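Asker: what's the 3D shape of this:
(chains A and B)
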Amino acid sequence: MKLDDDIALALRLADAAGAAIRPYFRSGLTSERKADASPVTLADQAAEEAMRAILRAERPNDTIIGEEFGATAGTSGRSWVLDPIDGTAGFLAGRAMFGTLIALVVEGWPVLGVIDQPIAGERWVGASGRATTLNGAPVKTRRCRELADATLATTGPHYFDDHQGQHFMGLAAKTDHRRMVMGGDCYNYAMLASGHLDIVCEAGLKLHDWAALVPVVEGAGGLMCDWNGDPLHAGSDGHVIALGDPARQDDVVEALACGPDHHHH
Amino acid sequence: MILFFYGTLIAGSGNAVAARAHDALTDLGRGWVAGALYALPDADGWYPALVAGQGRVWGRLYDAPDGFDLGPLDAYEGAEYARAAINVTGPRGRVGAQAYLWAGAVPADAVPLPDGDFAAHAAAHGWRVYGA
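Answerer: The predicted model follows:
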């Protein structure tokens, strides 16, 4: 399978998902509640089913792992990892900062990722060995010479347990915390790829939350890793850092390891 | 000892030297190194060259048992390649591995492979792999 063909297919998936999602946005629909109490929308399910239908026809031997409908095993060693609406809470709040995430993962390594914002009409595409694009134009992360100057983003403090939260605050204290932003889900990583943010730090992400982000961020010149600085693989624990400037990796990993109680001299 | 293969020595390439080596090797999964990858044409098929660069070059990690003889592989790779110890990022993190790196200048007729995956590129384009 050629990477160009896979990229073209991923764009078709994003088109289908967007068409399924748009009618529901700000439509006042009620949401059911899943066992984990996160809101799940009709849009979420419609978008994943639309993508699955295309994949069943075009890549019958590939595995499909979807946020809504779970895994359908294939035989090729390649997995399409789908999160139709990453940022459901934001979607339900009427904020166009959610995204459709599409990743191609080969033996645990993401090699292709799409972050699609179907309301704003923004689409980031990243692939192994390619420059990341936003609506077809290359994007670049920005330099960050000092951790103290870094703009940090995370989706919300309620996604950290107490222990993780302490480590996160250790990092936050060493960045320019007056500029720290919350909310955003995948959109933060897209903003990092486009050079508007320096660091995104989160815990408890699932493969479908982060797989598409890696090729987008790294193809724009950034780096993604876990909280130990190790590369993200399907076996990773879901503690995720994205860096616009890879040169800050050691600073960020060190700041996270310390936590807030250890940097008082 | 861990070996990193990114071209004709990957199991299943059809290359006879590789097939003999794999009788003794255990697959440890897909991995990558930072670098740039080129494919070189030859009358006996295509073969890759890994050189320093900014991209990701994909291959596979293999565990070689104690006493594994690298002689046949060294002889096969010849003077065009230099065996070196490199760090490979694999499914269980970064590991030190032996790999055959392109030793000279990249020839003018080399085809750059920006995807960094010789096996996938060869399969997608119907290329015959050297020695297969």
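
Asker: ranges for the strands of chain B?
Answerer: B:2-5, B:26-40, B:47-63, B:81-90, B:93-102, B:111-112 (DSSP state E).

Asker: Who are the packing partners of the last one?
Answerer: Yep, that's strand B:111-112 we're talking about. Identification of packing neighbours for strand B:111-112 by 3 or more CB pairs under 8 Å, 6 or more residues apart in numbering or on different chains; DSSP states H and E yields strand B:26-40. The C-beta positions use only the backbone N, C-alpha and C, and glycine is treated the same way.

Asker: Could you list the buried residues of the strand it packs on?
Answerer: B:28, B:30, B:31, B:32, B:33, B:35, B:36, B:37, B:38, B:39, B:40 (16 or more other CB atoms under 10 Å in any protein chain shown).

Asker: Just give me the closest of the residues you listed to residue B:129.
Answerer: Checking the buried residues of strand B:26-40 against residue B:129 by CB to CB gives residue B:39 as the nearest, at 9.9 Å.

Asker: State the distance from the closest residue to the closest one other than its chain neighbours to residue B:46.
Answerer: Spatially, and ignoring its direct neighbours in sequence, residue B:39 is nearest to residue B:111 (4.6 Å; CB to CB, 6 or more residues apart in numbering or on different chains). For residue B:111, the distance to residue B:46 (CB to CB, to the nearest Å) stands at 8 Å.

Asker: so residue A:119 sits right up against residue A:96, yeah?
Answerer: Yes: contact criterion CB atoms under 8 Å: residue A:119 and residue A:96 qualify, at 3.9 Å.

Asker: Present the buried residues of strand B:26-40 as JSON lines; the columns should include pLDDT.
Answerer: Shown next, in JSON lines, are the buried residues of strand B:26-40 (pLDDT from 0 to 100):
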{"residue": "B:28", "pLDDT": "96"}
{"residue": "B:30", "pLDDT": "95"}
{"residue": "B:31", "pLDDT": "96"}
{"residue": "B:32", "pLDDT": "96"}
{"residue": "B:33", "pLDDT": "96"}
{"residue": "B:35", "pLDDT": "95"}
{"residue": "B:36", "pLDDT": "96"}
{"residue": "B:37", "pLDDT": "97"}
{"residue": "B:38", "pLDDT": "98"}
{"residue": "B:39", "pLDDT": "97"}
{"residue": "B:40", "pLDDT": "97"}
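
Asker: circling back: so between residue B:111 and residue B:46, which is more surrounded?
Answerer: A count of neighbours by other CB atoms under 10 Å in any protein chain shown puts residue B:46 above the other of residue B:111 and residue B:46, at 20 against 14.

Asker: Helix, strand, or coil at residue A:214?
Answerer: Three-state call for residue A:214 (DSSP: H, G, I helix; E, B strand; the rest coil): helix.

Asker: which one is it nearest to, not counting chain neighbours?
Answerer: Residue A:214's closest residue in space is residue A:110 (CB to CB, 6+ apart), at 4.4 Å.

Asker: OK, contacts around the one you found?
Answerer: Contacts for residue A:110 were tallied using CB atoms under 8 Å, 6 or more residues apart in numbering or on different chains; they are A:81, A:103, A:104, A:211, A:212, A:214, A:215, A:232.

Asker: how close does it sit to residue B:63?
Answerer: Between residue A:110 and residue B:63 the computed distance is 25 Å (CB to CB).

Asker: Residue A:197 now?
Answerer: 41 Å.

Asker: Compare neighbour counts for the two and give me the winner.
Answerer: The neighbour comparison of residue A:197 against residue B:63 (other CB under 10 Å) goes to residue A:197, with 27 against 15.
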